[in-house]
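**Student:** quick one, what's the 3D model for this:
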Amino acid sequence: MTHQLTPGAERAIAAAGKWLPRSQASGLESDTICAPLLEPVGLPELLLGLLDEPECRAAKMLAAARVAAETVVAEWPEFVQMETDEPSAGPRRWSPKLQEAIAAAAARLADYPQPLELATEHLLLGIVLSDSAAGHWLRDKGLDAERLEMEIHRLYGIESGPLEVDWAEIGNSGTTTAAEQVADTLPPKTLSENSPAPAADLASQPIGVLRIIDAAANRAGEGLRAVEDYTRFVLDDRHLTALAKQLRHDLAAALARVPAADRHAARDTTADVGAGIQTAAESRRADAADVAAAAFQRAQQALRSLEEYVKLWDPAGAALLESLRYRAYTLERAVSTTAGSLDRLAAARLCVLLDGRDSPQQFGRLAETLVAAGVDMLQLRDKRLDDRQLLARARQLREITRGSDALLVVNDRPDLALLARADGVHVGQDDLPVKAARAVVGPRLLIGVSTHSLPQARQAVMDGANYIGVGPTFPSGTKTFERFTGLELLRGVAAEIRLPAFAIGGIGPENLPEVLACGISRAAVSGAVLAAEDPAAAVRLMRNAAANERK
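**Tutor:** Numbering: from 1, shown residues only. Next up is the predicted model:
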């Protein structure tokens, strides 16, 4: 079943479809666009579509947060607006992120009188709820999902909190819930045309099924709470804590489709045959990270059980639970990678970006000097050398660093990093994405990502990066930039992201204290060491300053 949209929401989505990635827009040779060949409409485009309706509620809410089309385009400059009419062969497809966002918003409004028409404010709520760059960006702008939801309740004259709904009556009435209205936009695998017809309503299910739902719901919630406690108190990571908390809240919203009274009536803990069964492994945990890993497993398995049994009467609800399970997988990777990277890079305070110099001999002497001085990481970056020369320098540097504590990272080239047996590769925003780099270097090499904004830093965490470079902070003598992110970005990253972060761009002994005062205890430098009269002394000075700040 397709969505029921208000006219304003329909116009906003149509307007969103006219925003295209610059790469696709530049390749069009005529005004006729074939929709199936275009990228699906994503959340940034939907934001721009909502702003194209200046009188709609969503646009006014965005304006109150000082979000205008210009600020969205500045954040996502890869999109351009086409002047053509709607693409041929119908409107553009919706991206999975957009589908999930609307499903999340519909789940929050599932208790509204049905059938529910999704308006522009509902679309905006979905974006703010989403685990996406657009969602994070809007939350940074002050658009809080809980406050936005309360405002929607107020606009519709509905008291905040779940409404009293007779689910058995709804199940027999043929009325469509809001989440069922979004079912058709979910990936095909979530709803099978060949599956048996679901039961008419929850009340017709055996009491044992309700006991499964109750037990699995408790396990999932308990597991996610343990994960949230780990990200909050052990990792001290605001970004991951917010994601864990949002996932837990979205689970509660999805479970609201099953009345708590029914779950409690079916509960029989004293007679549960599995209550006293426990394996030896369940009573042992090695450390806090092990607790979090077990909690993730508990939550994911419980979500799968919920998803399968909810299919008996509520396929759309099962699809929502499936999306939560995949979000849990992604969050687990981010949490595990952050914890592992903090351990692997615990001692890494100073990274020196090193070019190939004029000869292998000159390169070798400088690298040996830096390693002897105690540099933590050397990043080989040289745009002048051809592939053979660059690989030869990387292998030379590997031999120099072998047996020392210095890590070797190759810039831009995961293939050469692998051939040289480097410790990692560093990629920029215009280079290979983390997923592609990981496919080349395998699971164990470090992957660093250059980030120039808070959304990019957050995305690097979720993509599975092991560390990030943050900047450019100050003007640099070795590289030119159109703009400088300055100390403000360093403070923003330090406030919410615990993944190892190296400040970069024009950093030297004279301004390193300003960097450290922002809460960033790692720095990547080039000219401050390579152009110094005594490179070894420069390394020792800056590394000691960073190490002392950490203490």
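
**Student:** check what pLDDT the residue sitting furthest away from the middle of the chain gets.
**Tutor:** Residue farthest from the centre of the chain, counting by CA atoms, centre = their mean, is Q361 at 43.9 Å. We have a pLDDT of 98 for Q361.

**Student:** secondary structure element for it, which one?
**Tutor:** helix 360-372 (DSSP states H and E).

**Student:** can you mark which positions in stretch 233-249 are buried?
**Tutor:** Using 16 or more other CB atoms under 10 Å as the test for burial, stretch 233-249 gives 234-235, 237, 239-248. Backbone N, C-alpha and C define where each C-beta goes, glycine included.

**Student:** what sits up against that stretch?
**Tutor:** 129, 131, 139, 145, 221, 224-225, 227-228, 231-232, 288-289, 292, 324, 327-328, 331, 334-335, 338-339, 342, 458, 461, 495-499 (CB atoms under 8 Å, 6 or more residues apart in numbering).

**Student:** repeat for stretch 38-45
**Tutor:** With contacts defined as CB under 8 Å, 6+ apart, stretch 38-45 is touched by 13, 16-17, 19-21, 24, 72, 75-76, 79, 87, 92-98, 101, 127, 130, 132-135.

**Student:** thinking again about what came up before, which of the contacts of stretch 233-249 are buried?
**Tutor:** The buried subset of the contacts of stretch 233-249 (16+ other CB under 10 Å) comprises 129, 131, 139, 145, 221, 224, 227-228, 231-232, 289, 292, 324, 327-328, 331, 334-335, 338-339, 342, 458, 461, 496-499.

**Student:** what's the neighbour count on the nearest residue to A406 once chain neighbours are set aside?
**Tutor:** Excluding the flanking residues, the one nearest A406 by CB to CB, 6 or more residues apart in numbering is V371, at 5.0 Å. Neighbour count of V371, defined by other CB atoms under 10 Å: 22.

**Student:** again with D405
**Tutor:** D405, neighbours per other CB under 10 Å, totals 12.

**Student:** with D376 instead?
**Tutor:** With other CB under 10 Å as criterion, D376 counts 20.

**Student:** what of the one 5 residues further on?
**Tutor:** The burial count assigned to R381 is 19, neighbours taken as other CB under 10 Å.

**Student:** kindly report the same for G403.
**Tutor:** G403 has 8 nearby residues by other CB under 10 Å.

**Student:** tell me the contacts of it?
**Tutor:** Contact analysis of G403 by CB under 8 Å, 6+ apart lists nothing.

**Student:** next, it: phi, psi?
**Tutor:** G403 adopts backbone torsions of phi 90, psi -10, taken as degrees, to the nearest 10.

**Student:** show me where this protein has its strands.
**Tutor:** Using DSSP state E, the strands of the chain run over residues 19-21, 79-81, 350-354, 377-380, 407-411, 424-427, 446-451, 467-470, 501-504, 522-525.

**Student:** quick one, which of those is nearest to L109?
**Tutor:** Nearest to L109 among these is strand 19-21 (26.2 Å), distances taken as CB to CB.

**Student:** distance from the chain centre to the closest one, please.
**Tutor:** What separates the centre of strand 19-21 from the centre of its chain is 22 Å, taken as CA atoms, centre = their mean, to the nearest Å.

**Student:** tell me the helices and strands packed up against that strand.
**Tutor:** Judged by 3 or more CB pairs under 8 Å, 6 or more residues apart in numbering; DSSP states H and E, strand 19-21 is in contact with helix 43-51, strand 79-81.

**Student:** try it again with 7 Å
**Tutor:** Under the contact criterion of 3 or more CB pairs under 7 Å, 6 or more residues apart in numbering; DSSP states H and E, strand 19-21 touches strand 79-81.

**Student:** strands paired with the strand it packs on, and their directions?
**Tutor:** strand 19-21 (antiparallel) (DSSP bridges).

**Student:** for A288, give me its contacts.
**Tutor:** Applying CB atoms under 7 Å, 6 or more residues apart in numbering to A288 gives the contacts 230, 234.

**Student:** ok, now which ones touch A436?
**Tutor:** Listed by CB under 7 Å, 6+ apart, A436 has no contact partners.

**Student:** what comes into contact with stretch 134-149?
**Tutor:** For stretch 134-149, using CB under 7 Å, 6+ apart, the contacting residues are 43-44, 47, 65, 67, 75, 108, 125, 127-129, 454-455, 458.

**Student:** K18 reaches Q81, doesn't it?
**Tutor:** Yes. Assessed by CB atoms under 7 Å, K18 is found in contact with Q81 at 5.6 Å.

**Student:** between these two, point out the one with more neighbours.
**Tutor:** K18 (22 against 15).

**Student:** quick one: the lengthiest helix in the chain to strand 446-451, angle?
**Tutor:** Scanning the chain for the helix with the most residues, using DSSP state H, yields helix 315-344. Going by axes from the mean of the first three to the mean of the last three CA atoms, to 10 degrees, helix 315-344 is angled at 110 degrees with respect to strand 446-451.

**Student:** can you give me how far helix 315-344 is from the chain middle?
**Tutor:** Computed by CA atoms, centre = their mean, the chain-centroid distance of helix 315-344 equals 10 Å.

**Student:** buried residues in it?
**Tutor:** 315-325, 327-328, 331-332, 334-335, 337-339, 341-342, 344.

**Student:** what's it packed up against?
**Tutor:** Helix 315-344 sits against helix 96-108, helix 178-181, helix 238-255, helix 288-310, helix 454-463, with contacts defined as 3+ CB pairs under 7 Å, 6+ apart.

**Student:** ok, now with 10 Å
**Tutor:** helix 96-108, helix 178-181, helix 207-229, helix 238-255, helix 288-310, strand 446-451, helix 454-463, strand 467-470 (3 or more CB pairs under 10 Å, 6 or more residues apart in numbering; DSSP states H and E).

**Student:** pipe these into a markdown table and attach mean pLDDT and distance to D405 per row.
**Tutor:** Compiled in a markdown table, the helices and strands packed on helix 315-344 are given as follows (pLDDT from 0 to 100; distance: least, CB to CB, whole Å):
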| stretch | mean pLDDT | distance to D405 |
| --- | --- | --- |
| helix 96-108 | 82 | 41 |
| helix 178-181 | 38 | 54 |
| helix 207-229 | 95 | 33 |
| helix 238-255 | 93 | 28 |
| helix 288-310 | 96 | 23 |
| strand 446-451 | 98 | 14 |
| helix 454-463 | 94 | 25 |
| strand 467-470 | 98 | 16 |
